[in-house]
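A.B. asks: Sequence plus the predicted model coming up.
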Amino acid sequence: MKVVPIYEYEHLHDECELAGTRFEVIQSVNDPPLKFCPACGLEVKRLVSRMNVKTKGTLDPDKAARRGFTTWKKSEFGVWEKVAGPGVDVIIGGPEEVEAEKAPGS
């Protein structure tokens, strides 16, 4: 399994004209955090926003649950049911999420 976090950076003092207040960077967990915005050079701090977990082969939901992860399966548009792990049994998206999921290219 390869964990690739998407780090969100926030400018400390001013907003960057190119990147705005916040921007995202895909980095290894071993990479040092950026200290300066690559677009403007202003000071930034790193926040963890989300991650993408890539697995080789078939994912074993029970094995993932033993390591503290939760696995859900999509049962219909906007509805995901828990297969294994901690957390809620069902996630139900609102009307906006369901429409976004049905949109072409989703």
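C.D. replies: Yep, that arrived.
A.B. asks: what packs against the helix ranked longest in the chain?
C.D. replies: The longest helix of the chain (DSSP state H) is helix 95-102. Contact partners of helix 95-102 among helices and strands, from 3 or more CB pairs under 8 Å, 6 or more residues apart in numbering; DSSP states H and E: none. C-beta coordinates here come from the backbone N, C-alpha and C atoms, glycine included.
A.B. asks: Ile91 is in contact with Ser75, isn't it?
C.D. replies: No. Between Ile91 and Ser75 no contact is recorded; they are 10.0 Å apart, counting by CB atoms under 8 Å.
A.B. asks: Which of those two has more residues huddled nearby?
C.D. replies: Shown here are Ile91 and Ser75; by other CB atoms under 10 Å, Ile91 has more neighbours (15 against 10).
A.B. asks: show me the contacts for Gln27.
C.D. replies: 5, 7 (CB atoms under 8 Å, 6 or more residues apart in numbering).
A.B. asks: Now name the helix or strand holding Ala64.
C.D. replies: Per DSSP states H and E, Ala64 falls inside helix 61-66.
A.B. asks: What ranges does the chain have for its strands?
C.D. replies: 2-11, 22-26, 44-54, 71-76, 79-84, 90-92 (DSSP state E).
A.B. asks: who does the last one pair up with?
C.D. replies: Strands that pair with strand 90-92, judged by DSSP bridges, come out as strand 79-84 (antiparallel).
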